[in-house]
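Student: Kindly generate the corresponding structure for this input.
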Amino acid sequence: MKAVLAATSGKKKLYYVIDADSSESDGIVVNEENKAVTVSFFSFAMKMKNLKRFSRTPFHKFLWEMPNGEMKQIWIDTFITKNRPLNRRFTENLVIHTQLGEKANKQKKTEIKIKSFLDKATSNNKYNKILSTIDTESKEP
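Tutor: Okay, the predicted model is just below:
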């Protein structure tokens, strides 16, 4: 799953799942309790009160502003029927989340533990290198 934060409403966050296919839910809502719930993105967005839409990137602008003319069919193929993958220019500057809600917290805690372990291992290796260098230098041939 690859999701992009698209809007907020109070403490709720609405994400668009960019790699969903037409048979899957393409939205995820993370609520105040940090629970992630899958939803139909546009249906849920229309019902959400006090929705604050993000429009800071080309992706967000394209997501929220259905264009007219030729671009309208491209928009429908991209977001509704999902027959057209997102162009790289839309996704290159996005923060893409692979875990949301409680899973994201667990992943972050695991990453912190791993980093801490690796930092300790690295610092112990430096200490051991220094000791072995001193030991080697102190031995005369």
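Student: From now on I want contacts and neighbour counts done on CA atoms only, so please keep to that.
Tutor: Noted.
Student: mind listing the strands in this protein by residue range?
Tutor: Assigned by DSSP state E, the strands in the chain fall at 3-9, 12-17, 27-30, 36-39, 52-53.
Student: Could you say which one of the ones you listed comes nearest to residue 75?
Tutor: strand 12-17 (14.3 Å; CA to CA).
Student: Might you calculate how far the closest one sits from the centre of the chain?
Tutor: 10 Å (CA atoms, centre = their mean, to the nearest Å).
Student: what angle sits between that strand and strand 3-9?
Tutor: Counting by axes from the mean of the first three to the mean of the last three CA atoms, to 10 degrees, strand 12-17 lies at 150 degrees to strand 3-9.
Student: Relative to strand 12-17, what are the paired strands and their orientations?
Tutor: Partner strands for strand 12-17, per DSSP bridges, with pairing direction: strand 3-9 (antiparallel), strand 27-30 (antiparallel).
Student: Could you export it as CSV, CA atoms only?
Tutor: The C-alpha coordinates for strand 12-17 follow below in CSV (Å, rounded to 0.1, in the frame of the first residue of the first chain):
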residue,chain,number,x,y,z
LYS,A,12,-9.0,12.9,11.2
LYS,A,13,-6.6,12.4,8.3
LEU,A,14,-7.8,11.2,4.8
TYR,A,15,-5.2,9.4,2.7
TYR,A,16,-5.5,8.5,-1.0
VAL,A,17,-4.1,5.1,-1.8
